[in-house]
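A.B. asks: Okay, predicted coordinates and the sequence, questions at the end:
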Amino acid sequence: MKVCRGQSAGGHRGVKLIGVVAIGMSVSEIRVRKRKRLREKELKALAEALLSATGVEIIGPKDTVDTAEGPECELIIINNVIEGMLVDGRPFPTIRGLLRHKATKRYVSVDMGAVPYVTNGADVMAPGIVEVDPGIKEGDLVWIRDMTHKRPLAIGKALVSAEVMAAKAPGKAIKNLHFVGDKIWKYDER
């Protein structure tokens, strides 16, 4: 399974590396390679898949859309901002994409006690889930939000169905793939 996470620093020749420096931490880098502009037919299929997954139109008629190889997954770049990703061939918005476009489907709300863990990359445990979109099936890409402000915190892959999540059975419910503060998030802060 491909997981969207940042690559470690290394000597990569011929590849543009973007660095982000944090106080007391080493330089963290992400590499974006093989950027390609989508053709009209590809763009239409991608827009329909994103609409089906989120319930909102993410790609507008005047948007420029590229795909590129990212860290362990393919990235969707809309107007020079990483607003989506392809995980196992399925498109889904990144957190920046969800902040720009208010998705109405495939959400999972977690209690405020889970927020610091989820935003640090932890998987979501079923007992921390307080609300779930009933249409979620095992294997679906989902977005995790806090219960108070309903703001996106992370993107993940459902390990169980919505019914099991709502039952709060012990164990992992969502594998965390992308979260606020990871390398994909930091790439657009430059």
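C.D. replies: Looks like it came in fine.
A.B. asks: remind me, longest helix of the chain?
C.D. replies: Using DSSP state H to define each element, the chain has its longest helix at helix 40-54.
A.B. asks: Show me which residues of that one are buried.
C.D. replies: 43, 46-47, 49-50, 53-54 (16 or more other CB atoms under 10 Å). Placement of C-beta: from N, CA and C, glycine included.
A.B. asks: Which residue ranges make up the domains of this structure?
C.D. replies: 17-100+182-187, 107-179 (automatic domain parsing).
A.B. asks: how about a markdown table for those domains, with mean pLDDT added?
C.D. replies: Rendered in a markdown table, the data for the domains of the chain read as follows (pLDDT from 0 to 100):
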| stretch | mean pLDDT |
| --- | --- |
| domain 17-100+182-187 | 83 |
| domain 107-179 | 95 |
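A.B. asks: from those, which stretch is densest packed?
C.D. replies: Ranked by mean neighbour count, the domains of the chain are led by domain 107-179 with a mean of 18 (mean count of other CB atoms under 10 Å).
A.B. asks: Report the distance from that domain to the chain centre.
C.D. replies: Centre-to-centre, domain 107-179 and its host chain are 13 Å apart (CA atoms, centre = their mean, to the nearest Å).
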